[in-house]
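Colleague: show me how the following folds:
(2 chains, ligands or ions: 1)
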Amino acid sequence: MAPAKTKKSAKVVASQEEDITMDDAPVAPQEHEDEEGEEVAGEDQAPPEDEDTLEQRITVLPGGTEQAASFQLKEEDHTLGNALRYIIMKNPDVEFCGYSIPHPSEALMNIRIQTYDGTAKDALSKGLDDLMDLCDVVAGKFQIARDGYMNSEAGKADQPEA
Amino acid sequence: MDYDPMIMDTEAMGPSVKITEAGSHHVDFELQTVDLAFANSLRRVILAEVPTMAIDLVEIEANTSVLADEFITHRLGLIPLVSKNVDDVVYSRDCDCEQYCELCSVTLTLHARCTGDEIMKVYARDLVVAPLRPNQWVGNPVITDPEALGTVICKLRKGQELRMKCIAKKGIAKEHAKWAPTSAVGFEYDPHNKLRHTTLWYEEDPAKEWIKSKYAEWEEPQQEGEPFDFDAVPDKFYFEVESVGNLEPDAIIQQGIKVLQQKLAAVIQDLTEGDANGNGLNGGYDGPRSPDIAPAWQDQGYTTPYGNGGQASAWGGGAATPYGATPYGQNGANGWN
Ligand SMILES: [Zn+2]
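Modeller: As a prediction, this is how the structure comes out:
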């Protein structure tokens, strides 16, 4: 929006590269600077869908085990959280799945998975794939229903021309 | 279209969609055999995350009207613009250009001057769309009234003038409501409130005082003395999607599902890439942590995960690990450092 936001003068690009290398560098004692670098990056590209950044969208929160882990997703909210929670819970290998948004003014979503069998990460992967398939099915069913309706008498009556 | 029927409980046929009404600006449908979480995700995504076009930058050359620059700018932003095939437009923030270009924006110019004695109205149709744009539809003001005028932007008296250049960009309603594809999304389930998800306020009898939803006759009402079903979950969801006119109603639904899938794809990609280069997933050591759980977490539930304060746990309490010196001073304070 503001003109300055998307400006990419040589100077700005250079400083951005500095940020990236800093993020990529092995975790060093200077946590504070790391944090700052992240904040700047987050501000530059407003909401989600930032393909050209190397920023990790999902992290495993430390302190978990293979079978019980919490994941943190950036720029996600109830839209993905609740549907994902539900679909992961449907997996019989999963003992528990829950999600939370730790703070309303941070665009972060945590999802906790505990399994009976298999790793928590596999359960998450399966959940994501299952939800993807469910979306495909619903999109397909909607298209069929709509085409059917448009060809029906009611549909023709509703659509004078367009 | 095959997927694990396990997902959808007992119904092996999976979700179903029934269109009950549709027109050029709305679609009403019934989504069945999905769960509340998914239906709500769909509602949220079509309400706030389907991309459309809207005026985002205005360069004002002249404004001698009675309205302040920012007042007019705000009105311009809210004019719905045709967003058909908006996928052809890139987000300005992802574009390689300096500020905006014909790949990531549409330029509309407005030039109006009142010369007569009558008050002149400036309409959305007076916006002139520049020929260079991502595709032939994107950026046209939505005009649906029979006189083909569009919305009123401003009124001018004799001698007053407006001259401005408007830059329309792609965006989502989560950022600003002007990018909303829908004016409303009706979302309803359980018209008889059998699940007791809501409490109806009443004076004497809720059944008499509350007007029944139009979907009430589509579902079996609660029988007299019928016991409450604790296992019941909502299963039928009634959507009423009302388009602003920038996208066709069915395109809104399809795009909404696509946005949801893009979110999933982004996470899947990160998850697998994090795998590939070995490091990826684990976040900074100073960040938040998984809940602290006891090693035998699959116990009978007698112990809480928080019980083993300070004791050496399976994670080697007290040993110096990279997790050690966090700014939060957890070192040695509990079992998992
Ligand atoms: Zn551009």
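Colleague: what about the longest helix belonging to chain B, distance to the chain center?
Modeller: When chain B is parsed with DSSP state H, its longest helix is helix B:249-276. Mean-position distance between helix B:249-276 and its chain equals 13 Å (CA atoms, centre = their mean, to the nearest Å).
Colleague: quick one: check it for contact with chain A.
Modeller: Yes: counting by CB under 8 Å from any CB of the partner chain, chain A is contacted by helix B:249-276 at B:250, B:253-254, B:257-258, B:260-268, B:270-272, B:274. Every residue, glycine included, has its C-beta placed from N, CA and C.
Colleague: please convert the buried members of these into ChimeraX selection syntax.
Modeller: Buried residues within those, by 16 or more other CB atoms under 10 Å in any protein chain shown, are selected in ChimeraX with:
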select /B:250,253,254,257,258,260,261,263,264,266,267,268,270,271,274
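Colleague: what sits against residue A:100?
Modeller: Contact analysis of residue A:100 by CB atoms under 8 Å, 6 or more residues apart in numbering or on different chains lists A:81, A:109, A:110, A:112.
Colleague: the helix or strand hosting the last one pairs with which strands, and in what direction?
Modeller: Just to be clear, that refers to residue A:112. Per DSSP states H and E: residue A:112 is located in strand A:108-115. Strand pairing for strand A:108-115, using DSSP bridges, gives strand A:68-74 (antiparallel), strand A:94-100 (antiparallel).
Colleague: show me which residues of the last one are buried.
Modeller: Yep, that's strand A:94-100 we're talking about. Across strand A:94-100, burial judged by 16+ other CB under 10 Å covers A:94, A:95, A:97, A:99.
Colleague: now those residues in a markdown table, with pLDDT?
Modeller: A markdown table is the format used below for those (pLDDT from 0 to 100):
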| residue | pLDDT |
| --- | --- |
| A:94 | 97 |
| A:95 | 97 |
| A:97 | 97 |
| A:99 | 97 |
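Colleague: so which of those is the closest to residue A:61?
Modeller: Using CB to CB, residue A:99 comes nearest to residue A:61 of these, at 12.7 Å.
Colleague: give the buried residues for stretch B:201-219.
Modeller: B:213, B:215, B:219.
Colleague: ok so, going back, the longest helix of chain B to strand A:108-115, inter-axis angle?
Modeller: Interaxial angle of helix B:249-276 relative to strand A:108-115 (axes from the mean of the first three to the mean of the last three CA atoms, to 10 degrees): 70 degrees.
Colleague: mind listing the helices for the chain?
Modeller: Let's take chain A. A:10-24, A:31-44, A:78-89, A:120-151, A:153-158.
Colleague: chain B was what I was after
Modeller: Taking DSSP H to define them, one finds helices in chain B at B:36-48, B:69-77, B:206-209, B:249-276.
Colleague: between these, which one is closest to the ion.
Modeller: In terms of CB to the ion, the element of the helices of chain B nearest to the ion is helix B:69-77, at 19.0 Å.
Colleague: give me the residues contacting the closest one.
Modeller: B:54-56, B:58, B:60, B:63, B:65, B:67, B:110, B:153-154, B:162, B:164, B:166, B:176, B:178.
Colleague: of all the residues in that helix, which ones are buried?
Modeller: Of all the residues in helix B:69-77, those buried under the rule 16+ other CB under 10 Å are B:72, B:73, B:75, B:76, B:77.
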